[in-house]
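Asker: Please find the sequence and the predicted model below.
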Amino acid sequence: MARLQRVFIDTSELFPFTIMDVLLSLSEDFLFAWVWTDEVLDEWEEVIVRDGQRNPESAALVAAAVRTHFGQHRIAPDLYRGKITDDLSPDPDDRVHAAAVIYGEVDVLLTRNAPRFAERLQPLLAG
């Protein structure tokens with residue numbers, strides 16, 4: 001069996017929650033492998049609570065379920081955390097995601113924020 005494309009879904013694409021649900025379902029059905037980091041899930045959890053779409057307990061349960069059911073696709077922090085540099089994105093909050101994409105063997109970056117990512121990520125961009 002061929003390797004599934006490894007897709008990193010930026011936090012911007014995980015809203016509204018129904019979109020996240022659809023993307024997780026597609027990954028569960030083996031159309032692609034959703035690769036993720038602790039940072040993207042933490043950011044999602046923070047934003048969905050701040051925007052009033054989930055309470056903290058509900059958001060924490062969803063994040064815990066993702067960690068459990070998609071744990072095999074977590075990008076290990078030691079692959080990217082030491083490689084975060086200013087040139088990866090003009091947005092300091094996106095640099096960690098950019099480093100994970102570059103060093104985590106990602107095939108596709110799904111984002112609405114393409115301008116926030118460095119030129120070397122442009123071939124991976126979708127969204």
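Answerer: Now that the structure is in, tell me what you want to look at.

Asker: Which parts of this protein are helices?
Answerer: In the chain, helices defined by DSSP state H lie at 17-28, 38-50, 56-69, 95-103, listed in chain order.

Asker: could you give the angle of the last one to helix 38-50?
Answerer: Here helix 95-103 runs at an angle of 140 degrees relative to helix 38-50 (axes from the mean of the first three to the mean of the last three CA atoms, to 10 degrees).

Asker: same question, the third one
Answerer: With the same axes, to 10 degrees as the basis, helix 56-69 and helix 38-50 are set at 150 degrees to each other.

Asker: got a list of contacts for helix 56-69?
Answerer: By CB atoms under 8 Å, 6 or more residues apart in numbering, the residues outside helix 56-69 that reach it are Leu24, Glu28, Trp36, Leu41, Asp42, Trp44, Glu45, Ile48, Val49, Arg54, Arg74. All C-beta atoms are positioned from the backbone trio N, CA, C, and that covers glycine.

Asker: List buried residues within those.
Answerer: Neighbour-count burial within the contacts of helix 56-69 applies to Leu24, Trp36, Leu41, Trp44, Glu45, Ile48, Val49, Arg54; the criterion is 16 or more other CB atoms under 10 Å.

Asker: ok, the fifth one to Phe70 distance?
Answerer: The gap separating Glu45 from Phe70 is 15 Å, by CB to CB, to the nearest Å.

Asker: and what of the second one?
Answerer: With distances taken as CB to CB, Trp36 is found 7 Å from Phe70.

Asker: just Leu110 next, same as before
Answerer: Separation of Leu110 from Phe70 (CB to CB) stands at 15 Å.

Asker: again, but for Arg50
Answerer: From Arg50 over to Phe70 the distance is 23 Å, taken as CB to CB.
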